[in-house]
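Undergrad: Pasted the sequence and its predicted model underneath.
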Amino acid sequence: MTTPRRRPGRPRLGAPRIDGSDTAGDILDAASELFATKGYSATTTRELASAARISQATMYHYFPNKAAILLKLLVDTVEPSVKLAREIEGEAPGRDPRASLRRLVHSDAVLLLTTPWNNAALYTLPEVQAPEFSGFHELRRALVGHYEKLGALVVADGGDAGPHGMSGPPTEPIDADAAAATAPAAIALHRQRLRLPFHIVESAVRLRAENAPTRDPHPLAAGLADIIADTALAALDTGRGASGSSG
């Protein structure tokens, strides 16, 4: 069996896309474009192999099916930020928590704003709820957890005790029975508050989706990443005291 001849691709902006030097990378890049422009469910494995300029047999050597390709694309939008979050949390105690959280938010925003074809938007596909994507969901939950931990350090550093029974006494005397009744809601609200920076970072995905699908980074990526980072920290400041109020 002879290896299929590689066909010259159409001109594109930026660096060469499919050059044969990285077969797995070529498959992922071709899939990113097809999933963004044609749709995941409408894209066939034959089309993926053709776009990557390889045979289907070669493609299956790297990825067993189309879902495995989608899984890899999704993981690549989260894994770098999880690694950075672990690095930040492992740094010496005493580091400014605001600076730590801002570093994570800014880096995460840059990743989402510059990843080719806005792959993070694929998270909304109904197919991603299938069991084979559990690894991605676990990684995403881990990232949310890191945001919560860093957010809690920022809130605590600002003198906010959080809801009664979690991280300190309430700021005002409260009725014990009322506190018991409202504690679950207060705790849930507090956790959502700590997750706000994560959700604000994800706005980068929607910002890119406002434009036509393209491989190129968002033209305002650097400036937007700064704004997103500032907004994420401001959100924690704005909520100061709200999660601890009970009457």
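TA: Okay, I see it.
Undergrad: Report the distance from the host helix or strand of V155 to the chain centre.
TA: Assigned by DSSP states H and E, V155 belongs to helix 134-157. Its chain's C-alpha centre and that of helix 134-157 lie 11 Å apart, by CA atoms, centre = their mean, to the nearest Å.
Undergrad: So which residues lie in contact with it, not counting its own?
TA: The contact list for helix 134-157 (CB atoms under 8 Å, 6 or more residues apart in numbering) reads 71, 74-75, 78-79, 81-82, 85-86, 88-89, 96-98, 100-101, 104, 123, 128, 162, 167, 191, 193-198, 233, 236, 240. Every C-beta, even on glycine, is put in place using the N, C-alpha and C of the backbone.
Undergrad: Any stretches of the chain with poor pLDDT?
TA: 1-20, 92, 159-183, 239-247 (pLDDT under 70).
Undergrad: can I see the domain layout of it?
TA: Domain assignment for the chain by the TED database gives 21-64, 67-159+185-240.
Undergrad: okay, these in TSV with mean neighbour count next?
TA: Shown next, in TSV, are those (neighbours: other CB atoms under 10 Å):
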stretch	mean neighbour count
domain 21-64	17
domain 67-159+185-240	17
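Undergrad: and the spatially most central residue of the chain, what are its phi and psi?
TA: Nearest to the geometric centre of the chain sits V78, at 4.8 Å (CA atoms, centre = their mean). In terms of degrees, to the nearest 10, the main-chain angles of V78 are phi -120, psi -40.
Undergrad: Now do it against H146, distance only.
TA: V78 sits 11 Å away from H146, going by CB to CB, to the nearest Å.
Undergrad: mind listing what A204 touches?
TA: Per CB under 8 Å, 6+ apart, neighbours of A204: A109, L112, L113, A120, H218, L224, A225, I228.
Undergrad: tell me which of these is nearest to A42?
TA: Among the contacts of A204, A120 lies closest to A42 (CB to CB), at 19.9 Å.
Undergrad: okay but that closest one is in contact with T77, surely?
TA: Yes: A120 is within contact range of T77, at 4.2 Å (criterion: CB atoms under 8 Å).
Undergrad: which residues do the two both contact?
TA: Joint contacts of A120 and T77 (CB under 8 Å, 6+ apart) are L112.
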